[in-house]
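Chemist: would you be able to build a 3D model of this:
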Amino acid sequence: MKQEKIVRIIEAALLAAGSSLNNDRILALFGEDEGVKPADIKQALETLQQETQGRGVELVEVASGYRYQARQDYAEWIARLWEERPARYSRALLETLSLIAYRQPATRSDIEQVRGVSVSSSIVKTLLEREWVRVVGHRDVPGKPALYATTKQFLDYFGLKSLDELPSLAEIQDLDNLNPELQFEQDEDDSGAKTDAQNELAETSEKQELEESGEQPAAEVTKIDPESSNESQELSEEQQDLEQEIALRSVKP
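Modeler: Residues are numbered from 1 along each chain as shown. Okay, the predicted model is just below:
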């Protein structure tokens with residue numbers, strides 16, 4: 001089969017598939033008697049990538065294979081094709097997703113230690129439903145907490161071929177730079193601290209999410225009163241002294 005025809009068959013298949021195609025699936029388009037080799041597939045894909053130079057679409061390789069997609073430069077106009085509003089994700093969800101991506105495999109406890117607050121069950125549920133993360137195992141500690149890691153769907157959504165293409169932490173100034181399409185439900189002020197109004201908005205939004213999903217709110221972290229802690233420590237010391245005195249008196253001379 002001529003190389004030009006191989007190129008056009010692959011082009012048509014990528015446009016008709018509606019999803020990305022990897023090399024194996026593309027090679028399966030051709031019968032054994034047609035004599036198409038993996039090297040021919042690779043050359044055809046390179047040709048198609050060159051043909052999209054300067055056009056509104058591009059052929060890109062992501063984690064699950066190759067796909068045609070509109071160039072990011074034209075996202076502003078393409079978004080007008082859909083009337084519904086783009087998905088809005090809370091800062092807490094994106095922080096959780098980022099920590100899983102950079103520290104995977106990670107447990108909820110690992111995420112909570114970095115963020116300093118508990119991870120809502122609705123956030124984990126959303127990430128699992130979108131298939132951006134999955135459970136890859138359980139840590140061998142009491143409770144056997146689930147270990148979370150990102151998926152190929154996560155890489156595909158962000159247009160990445162592998163985790164190696166994630167920007168380094170030094171290159172990231174804030175979460176807003178991860179993807180301009182993602183919008184936050186609430187933002188922090190310039191100092192990095194949330195205002196009272198933003199805290200109320202976040203709590204209201206989280207309660208609504210939990211009510212809709214039927215989930216119970218995540219357990220709150222118990223705060224320890226320093227004064228009560230000191231009093232308990234003093235009582236414990238006094239009890240030890242009393243026990244030692246009783247023991248000494250019970251010893252025969």
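Chemist: would you map the strands across the stretch 51-200 of the chain?
Modeler: Under the criterion DSSP state E, counting those that start in this stretch, the stretch 51-200 of the chain contains strands at 57-62, 65-70, 88-89, 133-138, 146-150, 183-184.
Chemist: okay if I get those as JSON lines plus distance to residue 20, mean neighbour count and mean pLDDT?
Modeler: The way it works is simple: take the backbone N, C-alpha and C, and place the C-beta from them, glycine included. Formatted as JSON lines, the strands of the stretch 51-200 of the chain follow (distance: least, CB to CB, whole Å; neighbours: other CB atoms under 10 Å; pLDDT from 0 to 100):
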{"stretch": "strand 57-62", "distance to residue 20": "6", "mean neighbour count": "17", "mean pLDDT": "91"}
{"stretch": "strand 65-70", "distance to residue 20": "4", "mean neighbour count": "17", "mean pLDDT": "91"}
{"stretch": "strand 88-89", "distance to residue 20": "23", "mean neighbour count": "16", "mean pLDDT": "76"}
{"stretch": "strand 133-138", "distance to residue 20": "18", "mean neighbour count": "15", "mean pLDDT": "92"}
{"stretch": "strand 146-150", "distance to residue 20": "17", "mean neighbour count": "20", "mean pLDDT": "93"}
{"stretch": "strand 183-184", "distance to residue 20": "25", "mean neighbour count": "14", "mean pLDDT": "46"}
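Chemist: closest one to residue 24 among those?
Modeler: strand 65-70 (8.8 Å; CB to CB).
Chemist: packing partners for the closest one?
Modeler: Judged by 3 or more CB pairs under 8 Å, 6 or more residues apart in numbering; DSSP states H and E, strand 65-70 is in contact with helix 3-17, helix 23-27, strand 57-62.
Chemist: any chance of those in TSV, with distance to residue 95 too?
Modeler: Putting the helices and strands packed on strand 65-70 into TSV (distance: least, CB to CB, whole Å) gives the following:
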stretch	distance to residue 95
helix 3-17	34
helix 23-27	35
strand 57-62	24
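Chemist: quickly list what residue 21 is bridged to.
Modeler: Assessed by DSSP bridges, residue 21 has beta-bridge partners residue 66.
Chemist: tell me the contacts of residue 108?
Modeler: Residue 108 sits next to 119, 124, 145, 146, 148 when contact means CB atoms under 8 Å, 6 or more residues apart in numbering.
Chemist: rerun that using 6 Å as the cut-off
Modeler: residue 119 (CB atoms under 6 Å, 6 or more residues apart in numbering).
Chemist: which of the strands of the stretch 51-200 of the chain sits closest to residue 38?
Modeler: strand 65-70 (13.6 Å).
Chemist: what angle sits between the closest one and helix 3-17?
Modeler: Counting by axes from the mean of the first three to the mean of the last three CA atoms, to 10 degrees, strand 65-70 lies at 70 degrees to helix 3-17.
Chemist: what does strand 65-70 rub up against?
Modeler: So strand 65-70 is contacted by 14, 20, 21, 22, 57, 59, 78 (CB under 6 Å, 6+ apart).
Chemist: pick out the lowest-pLDDT one from those.
Modeler: Of all these, residue 78 carries the smallest pLDDT score, 86.
Chemist: check contacts around that one.
Modeler: Residue 78 neighbours (CB under 6 Å, 6+ apart): residue 70.
Chemist: need the helices for the stretch 51-200 of the chain, in chain order.
Modeler: Shown for the stretch 51-200 of the chain, the helices assigned by DSSP state H, counting those that start in this stretch span residues 75-78, 91-103, 108-115, 121-129, 152-157, 196-213.
Chemist: of the helices and strands packed on strand 65-70, flag the one that's most buried.
Modeler: Comparing the helices and strands packed on strand 65-70 by mean neighbour count (mean count of other CB atoms under 10 Å), strand 57-62 comes out on top with a mean of 17.
Chemist: which non-adjacent residue is nearest residue 107?
Modeler: residue 145 (4.2 Å; CB to CB, 6 or more residues apart in numbering).
Chemist: sounds good, over and out.
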